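[1] What follows is a predicted protein model with its sequence.
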Amino acid sequence: MRVVIAEDSVLLRAGLIKLLETSGFEVAAAVGEAEGLLAAVREHRPDAAIVDVRMPPGFTDEGVRAALVMRRESPEVAVLLLSQYVEERYAADLLSTSTSGIGYLLKDRVADVSVFLDALRRVASGGTALDPEVVAQLLLRRHRDPLDRLTPREREVLALMAEGRSNAGIAAALVVSESAVAKHINNIFAKLDLPHAEGDHRRVLAVLRFLDGES
Amino acid sequence: MASISAATRRARAHAPWSSAAWRDTAFVASGVPLQSAGWLIVGALWTAWTPVKVLPVLVLTGASVMLLLLALRPLTSWQRERCWALLGLRVPRMPGFEDGRPWDALRDLRSPELWRVLQYHLVVGPFLAVGGLAVIAAWAGGLVFAVSGLYAWALPPGGPDLAEHPRRVVLLTAIGVLLLAAAPWVAAAVRRVDARAVASLLGPDRAKELQRRVDDLAEKRASVVDAADIERRRIERDLHDGAQQRLVALALNLGLARETLAGVPDDAMRVIVEAHEEAKEALSELRTLIRGLHPAVLEDRGLDAALSGIAARVPLPVRLRVEAEPRASSTVEAVAYFVVSEALTNVVKHARANEVDVAVLRRGDTLRVRVSDDGVGGADPSAGTGLTGLARRVRSVDGTFRIASPAGGPTTVTVELPCAL
């Protein structure tokens, strides 16, 4: 799996390269700013890009903007954003185009090597990986809408769905059986008035509903 | 007894040979030319040329007035020098009147300073000049009359022979002595009136002066508060660019070692695992520290984003309403952020609440912050350092801090921050 890294801290860039190469990824390019990232993605056509949000020259949200450009130019490249802080609106911006192949994590999560690699693989194969903090913020926002009808447990399940986990992953995280998870998910679909259709499609719709609130 | 001794003291202080008498006299006498200068300047042109036709009269009037207005500033500053040099009386400058080029003072004829200065130089001044002349006359006349008994010897023979009129000599000498005795009193009186007139007419307006001082202090304080805030942001940035990146890299490497190293003795692996956990713990503590300083999200994305970040980490349901547009200055935003952050920390620690309500609303020039919970109440601002720190930080930007927390609850913290600093 080929990856491009955009991270302005030399130390962290080196660490990421070592981590990825040890774990069987191929690092096609590693750059320090947003322009270089776009060029590298155009040149190498990687499977995924790991992008720091705060990069030169402005040190604000260059990474998010570059990611949005990448989404338009090469939607097949998955993007995993790393940030010093997470901001649900960045997540909403990114997910408004499509919910596949997107990840948004606190930079600190890199330290949890296996969790991080897990998220990267999930994103690279078209899934989503949202930081639990983003999800918590999203839940905070959605207080007076159909999501209010969800029970706390169903909320937890939906949050884990938004993080990009499979039923098995959700079951493991909540320490319940997979059938219990499936039941919760069906309840969620019903409460959010999602039509019966192909399962994955409804999953995406549920997450979108979760992210948009009022749709 | 006391009144007699007081009278003696006063008499001694006003004796013709006392230093006070000489000081007052010097002061009053030196005022005469300056105090009569106003009208002399107005009249100066007319002595050279006295037209009778309307137009020349108007032109000459205008020129006289211009001349007077131009003379006001030097006259005023000479008066100030006189007070300082002879009385040690400090009359502060009038910033509105005496700054800039000489003709700047004339630009605004409605300025109260100009009219006060005119009042001194044209109205009060001439009377004081008359007073000054009277003092000089008293001294001179007093001396002349007091020594009239000596004229018989001093004057060349052939003149009026005063020795023939001993009663007249006695009378003249008495008048002279009286004049000499009176001169210091008159000088003191004129000096008092003059000093008061100079202070009130040639010095800055007291109310205005205070206003200026308040403005000045407010500005200084604002810059101190801003400087502290800028410093916080700088520290945040340094920590983020330095320590935090290093720690992430360190934790990453330790994590990598933990996952990939095979065949390491159990003891060594245990050390690696511990180090990894420690590094992650340090990272999370550093993040909390940075969040408390001045989080980058606040600067980049504003209060709404920053507050939803902290609210999301609170382990109870938080209702958050933020309408903070247009954005306040970054200092005010930092205070609002700090208030909510501290208040939420207090709620979590002490309130035993089920729910928190946070509202940050911009209403005109005020940013209103309210944090209320349904907990047990009884928060005492005088007991906890957290609340005192909060109140102090709010006061640093002229905000108001109120807390209502009856025993049994609920607790509401209300803060109002002025946005137009």
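    Structure received.

[2] okay, CA-based contacts and neighbour counts for the rest of this
    Noted.

[3] Quick check: closest non-adjacent residue to the closest residue to chain A within chain B.
    Nearest to chain A in chain B, going by Cα to the nearest Cα, is residue B:252, at a distance of 4.3 Å. Closest residue in space to residue B:252, ignoring its immediate chain neighbours: residue A:111 at 4.3 Å, by Cα to Cα, 6 or more residues apart in numbering or on different chains.

[4] check contacts around the residue of chain B closest to chain A.
    Listed by Cα atoms under 8 Å, 6 or more residues apart in numbering or on different chains, the contact set of residue B:252 reads A:15, A:16, A:19, A:110, A:111, A:112, A:113.

[5] let's see it at 7 Å
    A:15, A:110, A:111, A:113 (Cα atoms under 7 Å, 6 or more residues apart in numbering or on different chains).

[6] Let's have the residues you listed in a markdown table, adding secondary structure.
    What follows is these, written out as a markdown table (DSSP: H, G, I helix; E, B strand; the rest coil):
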| residue | secondary structure |
| --- | --- |
| A:15 | helix |
| A:110 | helix |
| A:111 | helix |
| A:113 | helix |
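
[7] circling back: may I ask you to confirm that the residue nearest to residue B:252 is in contact with residue B:248?
    Yes. Contact criterion Cα atoms under 7 Å: residue A:111 and residue B:248 qualify, at 6.3 Å.

[8] and the residue nearest the centre of chain A, bridged to which residues?
    Chain A has residue A:103 as the residue nearest its centroid, 2.2 Å off, counting by Cα atoms, centre = their mean. Here residue A:103 sits in beta bridges with residue A:80, residue A:129, going by DSSP bridges.

[9] From chain B, how far out is it?
    According to Cα to the nearest Cα, to the nearest Å, residue A:103 stands 18 Å off from chain B.

[10] count of residues packed around the residue of chain A found nearest chain B?
    For chain A and chain B, the shortest gap (Cα to the nearest Cα) falls at residue A:111, measuring 4.3 Å. Other residues near residue A:111 number 24, with proximity taken as other Cα atoms under 10 Å in any protein chain shown.

[11] picking that back up, distance-wise, check the residue nearest to the centre of chain A relative to residue A:77.
    Per Cα to Cα, to the nearest Å, residue A:103 is found 12 Å from residue A:77.

[12] per-domain residue ranges of chain B.
    B:2-204, B:222-292, B:301-418 (automatic domain parsing).

[13] quick one on the thing from earlier: residues contacting the residue nearest to residue B:252?
    B:248, B:251, B:252, B:255, B:280.

[14] Quick check: of these, which has the highest neighbour count?
    residue B:251 leads the contacts of residue A:111 on contacts (other Cα under 10 Å) with 28 neighbours.

[15] helix/strand/coil for it?
    Once three-state DSSP is applied, residue B:251 turns out helix.

[16] do residue B:380 as well
    Assigned with three-state DSSP, residue B:380 falls in the coil class.

[17] and if you look at residue B:371?
    Residue B:371 - assigned by three-state DSSP - is strand.

[18] Any chance of the contacts of residue A:111 in JSON lines with distance to residue B:201 as columns?
    Listed next are the contacts of residue A:111 as JSON lines, based on distance: Cα to Cα, whole Å:
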{"residue": "B:248", "distance to residue B:201": "69"}
{"residue": "B:251", "distance to residue B:201": "74"}
{"residue": "B:252", "distance to residue B:201": "75"}
{"residue": "B:255", "distance to residue B:201": "79"}
{"residue": "B:280", "distance to residue B:201": "71"}
